[in-house]
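Asker: attaching a predicted model along with its sequence, questions to come.
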Amino acid sequence: MLTIHFSREDVLRTRVAPAPDPLWELVLSLHLLQERGPDPLIGGWRRTVAGRLRRERESDRLRLLLTLIPPRGYFPDFLTPYQSVDGFEAGLDAVRATPRTVLQRDLTTLAGGRELPAPAAALARGEPEALHHLTDSLERYRSLALGPYWRRIQAAVEADRTRRARAMLDGGAEGLLESLRPAMRWGSGVLEIPDYPTSRELHLDGRGLLLVPSFFCARTPVALFDPTLPPVLVYPVDRLGALVPAGAPAADEDSRKAVAALLGRTRAAVLAASDDGLTTGEVARRLEISAAAVSQHTSVLRNAGLLVSHRDRNTVLHTLTPLGRAVLDG
């Protein structure tokens with residue numbers, strides 16, 4: 001279990017990242033790329049990306065990344081610098097600027113007493129060519145594995161941010177932390193992650209916590225290994241449908257039939273209202289229709305894969321999926 005201790009100041013300084021963190025998504029996607037378990041939402045992505053990497057003859061680059069990022073367990077903190085909250089280039093600049101002492105420390109921890117392969121050993125020594133090779137590999141992998149899908153990843157994270165914003169409006173910072181259940185439990189100044197793979201205590205000490213919603217965070221929230229770094233907690237979002245390249249058809253035959261059933265002014269208005277992330281009651285008031293009618297329309301929209309609904313106590317919040325946004329914008 002991971003137990004995070006908050007002071008009152010920490011609660012007030014807790015916030016949600018403004019967008020997907022590109023380096024966290026890259027690292028966590030490499031975890032999933034190496035797994036072989038059935039996952040219908042990313043199975044096609046895994047096969048496509050693996051094929052691209054083989055065709056592009058990227059084995060040397062990929063070998064280094066897989067050495068640094070095994071399918072489970074520890075990976076070096078320097079690969080996910082805090083600066084990447086400002087975008088991929090800012091994150092890469094921070095990786096390039098990693099001090100040699102940090103490289104050596106993180107990679108020694110990764111090795112666990114074993115000898116590192118030559119490229120990783122050169123990186124541990126802080127050799128400039130090794131650092132350039134690493135950042136080039138990160139850039140190339142991102143272009144092949146994440147670039148074609150980035151709009152879908154953004155849409156899923158935006159939907160989660162809408163949900164967290166609603167929780168913050170309704171319950172303040174503590175409402176935000178309470179909204180993270182069931183994967184996390186909040187109470188009495190402590191946030192607990194029961195399924196964390198190791199037993200850890202993290203004291204924020206007035207620094208607050210940056211919550212990072214992540215598409216590729218698959219199982220349990222993830223925190224940095226080094227407690228002295230700015231506190232970050234990466235947590236999974238609902239993926240809102242299969243991960244397909246932007247512009248590719250996302251619906252099967254049943255979904256297309258369901259989409260056809262959406263034609264109609266009221267249902268289109270419900271879809272448009274959901275773009276703002278509204279509850280059933282709020283949609284009903286905005287459109288001046290009954291809550292029962294809204295529930296009927298949102299059920300059809302949900303079955304067609306156009307929106308997702310989250311229940312929180314006595315309210316249900318509706319937000320668009322990537323397909324729903326495409327239909328609305330189309």
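Answerer: Perfect, thanks for sending it. Numbers count the residues shown, from 1 in each chain.

Asker: stretch 268-284: how far from the chain's middle?
Answerer: 24 Å (C-alpha atoms, centre = their mean, to the nearest Å).

Asker: so which residues make contact with it?
Answerer: Stretch 268-284 has contacts (C-beta atoms under 8 Å, 6 or more residues apart in numbering) with 159, 162-163, 165-166, 262, 286-287, 290-291, 293-295, 297-298, 301, 306-307, 315-320, 324-325, 327-328. Glycine gets a C-beta too; all of them are placed from N, C-alpha and C.

Asker: among these, which are in strands?
Answerer: Among the contacts of stretch 268-284, the ones falling in strands (DSSP state E) are 307, 315, 316, 317, 318, 319, 320.

Asker: hmm, residue 13 is touching residue 207, no?
Answerer: Yes: if you go by C-beta atoms under 8 Å, residue 13 and residue 207 touch, sitting 7.1 Å apart.

Asker: need the distance between the two termini of stretch 76-86.
Answerer: Criterion C-alpha to C-alpha, to the nearest Å; first-to-last residue distance in stretch 76-86 is 20 Å.

Asker: how far does it sit from the chain's center?
Answerer: With C-alpha atoms, centre = their mean, you get 14 Å for stretch 76-86.

Asker: list the buried residues in that stretch.
Answerer: Within stretch 76-86, the residues that count as buried by 16 or more other C-beta atoms under 10 Å are 76, 77, 78, 79, 80, 81, 82, 83, 84, 85.

Asker: contacting residues for the first one?
Answerer: Residues touching residue 76, when contacts are defined by C-beta under 8 Å, 6+ apart, comprise 68, 103, 106, 107, 109, 110.

Asker: can you tell me which of these are buried?
Answerer: Applying 16+ other C-beta under 10 Å to the contacts of residue 76 flags 68, 103, 106, 107, 110 as buried.

Asker: neighbour-wise, give me the winner out of the ones in strands among the contacts of stretch 268-284.
Answerer: Within these, residue 318 tops the neighbour count with 30 neighbours, counted by other C-beta atoms under 10 Å.

Asker: show me what contacts that one?
Answerer: Per C-beta under 8 Å, 6+ apart, neighbours of residue 318: 274, 277, 278, 279, 280, 283, 298, 301, 307, 308, 309.

Asker: 6 Å instead?
Answerer: Shown in contact with residue 318 (C-beta atoms under 6 Å, 6 or more residues apart in numbering): 274, 298, 307, 309.

Asker: which phi and psi does the last one have?
Answerer: The phi and psi values for residue 309, taken as degrees, to the nearest 10, are phi -120, psi 130.

Asker: surely it meets residue 316?
Answerer: Yes: the criterion here is C-beta atoms under 6 Å, and residue 309 meets it with residue 316 at 5.1 Å.

Asker: inside helices: which ones of the contacts of residue 76?
Answerer: 68, 103, 106, 107, 109, 110 (DSSP state H).

Asker: still on that earlier bit, out of the buried ones among the contacts of residue 76, who's nearest residue 145?
Answerer: residue 68 (15.3 Å; C-beta to C-beta).

Asker: the closest one and residue 266: what is the separation?
Answerer: 52 Å (C-beta to C-beta, to the nearest Å).

Asker: again with residue 163
Answerer: 24 Å.

Asker: where does this structure dip in pLDDT?
Answerer: Residue ranges of the chain with pLDDT under 70: 37-38, 40, 56-60, 240-263, 329-330.

Asker: how much space between the residue nearest the centre of it and residue 61?
Answerer: Taking C-alpha atoms, centre = their mean as the criterion, residue 214 is the residue nearest the geometric centre of the chain, at 0.7 Å. From residue 214 across to residue 61, the span is 23 Å (C-beta to C-beta).
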